[in-house]
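Peer 1: Take a look and give me a structure for this.
(chains A and B)
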Amino acid sequence: MTKKKFCGAIAICCVWLSNIPFAHAEWGERIMNLDVRYVDHNNINYSPFSSDRLSDYAVVPSLAFGRYLQLGDATRLSLTGEVETGKFGKYNKLDYVQVGATAGLHHKLGLGAEAPWVRGHLSAWSLNVDSDMRDSTIYETGVQIGKRFSPQFDGHMGLTYRSRNGNSGPVVDPSFNTKVFDQKNVTLSAVGSYLLTEHAALTFGYAFRKGDFDSSCTGANLANVPAAEWANMKALAYDDAFKLSQPMCAYRLEGKTHAYTLGFNYALGPNASLRVGVERQNGKGDVLSYTGNIVRLGFVYRH
Amino acid sequence: MGTAARSRLVVARALAVVILTMLTAGLPIAAAASLKVLVRNDAGESVADAVVQALPRGGGSGAASQPTEVVIDQKDKEFVPYVTTVRVGTRVKFPNSDNIRHHVYSFSPAKTFAIPLYKGLPSEPIVFDKPGIVALGCNIHDWMSAYVFVSETPHFAMTGQDGWTSVKNLPAGRYVVEVWHPRLKGTPQPATHEVTLGRDENAELAFVIEQKRVFRAPRMSSTTSGGYR
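Peer 2: Just a heads-up that it's a prediction; the model follows:
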């Protein structure tokens, strides 16, 4: 994200905030969210070639802590600091620590549990990966609208812009930029949740992402990438994250990804739940298709 | 004592009886009837927090009583108690025992009101001046809910964990006994039973009600963001 765009997003938020009467602003409840996930990905390098697809799993604990600032009867600001780490089973160069913060502004358009709401957020994270070329500064901004339609069913839609500024990698071809993890994309998403019982909920979602993504494949398969796809490639570098019999190359291109999610939540009490979910990603560059299946198991605690 | 004097004494005694009967006709009888009620659901389980009220058949709301005050608290982001029964005209206080603000409201026709964001005790209680069922919520914490049953008669009670309750001090007569519960199927119409009570009678009634599933907005969002990619 350029400085201009980031400042523009902050300016829009300031205009919104300036219209809210702050006479009764007061600190509200504290936020403490603990999340521990097991994630299994069958195409962690997002390769379009079946012979190159690598699978791995990771344990991902994360913690968000902060506080709400109640700005008015229907408006609150959340300020959170976030820490997340990922430990991979096979490809340890993907291990990472991500630290950052998010400011979210939530406004309810009316009174009652079924009143629609709107939320905007600004986030900034520093990502440190054992694979140095993946180290990044990430900025994200977005807006969501949502509503509870009945005691059992609620949903929301969102539009998010994400900018990742990565590092340079080892050169494969001098004519190519090596910053594979300099990526910008926009995601449009829709998520729903349906209570099956007082404790169990079904969740489902769809996301459409347009913009940059990365893929890694062997050098042999790189030669099989069609010319049209090469023309779309924006960056190329050797990928040190995957130690195989032959070197892997990572490249960045622009494309579209459709992601479908289905999940099941079971509440263990008012503050904790178990979650299981699957995600199917269907990506497309100019010619090649990039697909992946992800399974997630998690425990969540919210204070 | 002469015949005339005896006659005057008999008439005086008869008059005294008539006058005493007239004077005591409108007064509560010291030994009144009571009604013990058991509420169970169709699975045979005891139903707690069921409201039982006895409405005199043929109208009349029973003896008038001074309005009282009742408290519905907010603790750990929940209303306490979940169900409250009050007589029409009762003043209800909504203290907030949490260290965060709440915004109490109701859309119910029996009492529509809102107490915007506050801490501690609001300056004025809310007067529940119409009979009916009032559903409460908090605009900040969507899962918070509670109910106030506003009765037009002084003859009401609420079941305990064992499903039993007693409605006491009932004058003799015919009554329509109604049971209501937040999870009653067919709400807002309560389940009813007619009963005739004699003076000093201790009657028992059992209700079997069908309960529906009630879903409250969950305290935690069910959705989560994507994984590490």
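Peer 1: rest of the way, CA atoms for contacts and neighbours
Peer 2: Fine.
Peer 1: pLDDT (mean, whole number) over stretch A:161-170?
Peer 2: The pLDDT scores in stretch A:161-170 average 97.
Peer 1: Pass me the low-pLDDT residue ranges in chain A, would you?
Peer 2: Within chain A, the ranges that satisfy pLDDT under 70 run A:1-24.
Peer 1: could you pull out the helices for it?
Peer 2: A:3-18, A:219-222, A:227-232 (DSSP state H).
Peer 1: Return the set of buried residues in the last one.
Peer 2: Read it as helix A:227-232. A:Trp230 (16 or more other C-alpha atoms under 10 Å in any protein chain shown).
Peer 1: Chain neighbours aside, what residue packs nearest to the residue nearest in space to the middle of chain A?
Peer 2: Central residue of chain A (C-alpha atoms, centre = their mean): A:Arg162, 8.7 Å from the mean position. Spatially, and ignoring its direct neighbours in sequence, A:Arg162 is nearest to A:Glu140 (4.4 Å; C-alpha to C-alpha, 6 or more residues apart in numbering or on different chains).
Peer 1: I figured the one you found was touching A:Ser123, is that so?
Peer 2: Yes. Using C-alpha atoms under 8 Å, A:Glu140 is in contact with A:Ser123, at 5.0 Å.
Peer 1: Is stretch A:109-118 positioned near chain B?
Peer 2: Yes. Under the criterion of C-alpha under 8 Å from any C-alpha of the partner chain, stretch A:109-118 makes contact with chain B via A:111-113.
Peer 1: Between these, which sits nearest A:Gln246?
Peer 2: If you rank these by distance to A:Gln246 using C-alpha to C-alpha, A:Ala113 comes first, at 57.0 Å.
Peer 1: and the gap between the closest one and A:Arg252?
Peer 2: 44 Å (C-alpha to C-alpha, to the nearest Å).
Peer 1: List the contacts of the closest residue in space to B:Phe94 that isn't next to it in sequence.
Peer 2: Nearest residue to B:Phe94 in three dimensions, chain neighbours excluded: B:Ile72, at 5.1 Å (C-alpha to C-alpha, 6+ apart). B:Ile72 sits next to B:79-81, B:84, B:92-95 when contact means C-alpha atoms under 8 Å, 6 or more residues apart in numbering or on different chains.
Peer 1: of all the residues you listed, which two lie farthest apart?
Peer 2: Longest span within those, C-alpha to C-alpha: B:Thr84 and B:Pro95, 14.7 Å.
Peer 1: State the distance from B:Ala43 to chain A.
Peer 2: 18 Å (C-alpha to the nearest C-alpha, to the nearest Å).
Peer 1: At the contact with chain B, which residues of the stretch 1-150 of chain A appear?
Peer 2: A:28-29, A:39, A:60, A:72-74, A:86, A:111-113.
Peer 1: Check the stretch 201-303 of chain A too.
Peer 2: Residues of the stretch 201-303 of chain A that fall close to chain B, judged by C-alpha under 8 Å from any C-alpha: A:201, A:203, A:265, A:270-272, A:296, A:302.
Peer 1: ok, B:Arg6 - how many residues close by?
Peer 2: Using other C-alpha atoms under 10 Å in any protein chain shown, the number of residues around B:Arg6 comes to 11.
Peer 1: list the contacts for the spatially most central residue of chain B?
Peer 2: The C-alpha lying nearest the average C-alpha coordinate of chain B belongs to B:Thr85 (C-alpha atoms, centre = their mean; 3.3 Å). Residues in contact with B:Thr85, defined by C-alpha under 8 Å, 6+ apart, are B:51, B:148-151, B:156-158.
Peer 1: What is the nearest of those to chain A?
Peer 2: B:Val148 (17.2 Å; C-alpha to the nearest C-alpha).
Peer 1: Compute the number of surrounding residues for the closest one.
Peer 2: Going by other C-alpha under 10 Å, the residues that sit close to B:Val148 add up to 22.
Peer 1: what do you get for the one 5 residues further on?
Peer 2: Per other C-alpha under 10 Å, the neighbour tally for B:Thr153 reads 20.
Peer 1: Tell me if I'm right that it and B:Val86 touch.
Peer 2: No. Contact status for B:Thr153 versus B:Val86: not in contact, 9.5 Å apart, counting by C-alpha under 8 Å.
Peer 1: what comes into contact with the helix or strand harbouring B:Leu38?
Peer 2: B:Leu38 is part of strand B:33-41, with elements assigned from DSSP states H and E. Residues from elsewhere that reach strand B:33-41 (C-alpha under 8 Å, 6+ apart): B:46-48, B:50, B:52, B:159, B:163-172, B:197-211.
Peer 1: got it, and stretch A:39-47?
Peer 2: With C-alpha under 8 Å, 6+ apart as the criterion, stretch A:39-47 contacts A:53-60, A:214-217, A:290-297, B:227.
Peer 1: can you pull out the helices in chain B?
Peer 2: Using DSSP H, helices in chain B cover B:3-25.
Peer 1: List phi and psi for the residue nearest to B:Phe94.
Peer 2: phi -120, psi 110 (degrees, to the nearest 10).
Peer 1: likewise A:Ser55?
Peer 2: Per degrees, to the nearest 10, the backbone of A:Ser55 is at phi -110, psi 150.
Peer 1: My understanding was that A:Lys210 contacts A:Arg162; is that so?
Peer 2: No. The pair A:Lys210 / A:Arg162 is not scored as a contact, 10.7 Å apart, by C-alpha under 8 Å.
Peer 1: anything in contact with each of the two?
Peer 2: A:185-186.
Peer 1: give the contact list for A:Ser168.
Peer 2: A:133, A:178-180.
Peer 1: I'd like the distance between A:Leu122 and A:Val180.
Peer 2: On the measure of C-alpha to C-alpha, A:Leu122 and A:Val180 end up 24 Å apart.
Peer 1: Spell out which parts of chain B neighbour chain A.
Peer 2: B:100-101, B:103, B:105, B:116-117, B:137-140, B:142-143, B:214-220, B:222-223, B:227-228.
Peer 1: before we move on, back to that, out of the contacts of strand B:33-41, name the ones that lie in strands.
Peer 2: B:52, B:164-170, B:197, B:202-209 (DSSP state E).
Peer 1: Just the buried residues out of those residues, in PyMOL syntax.
Peer 2: The PyMOL selection below is limited to those of the ones in strands among the contacts of strand B:33-41 classed as buried (16+ other C-alpha under 10 Å):
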select buried, chain B and resi 52+164+165+166+167+168+169+170+197+202+203+207+208+209
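Peer 1: measure stretch A:160-178 end to end?
Peer 2: Terminal residues of stretch A:160-178 lie 26 Å apart, using C-alpha to C-alpha.
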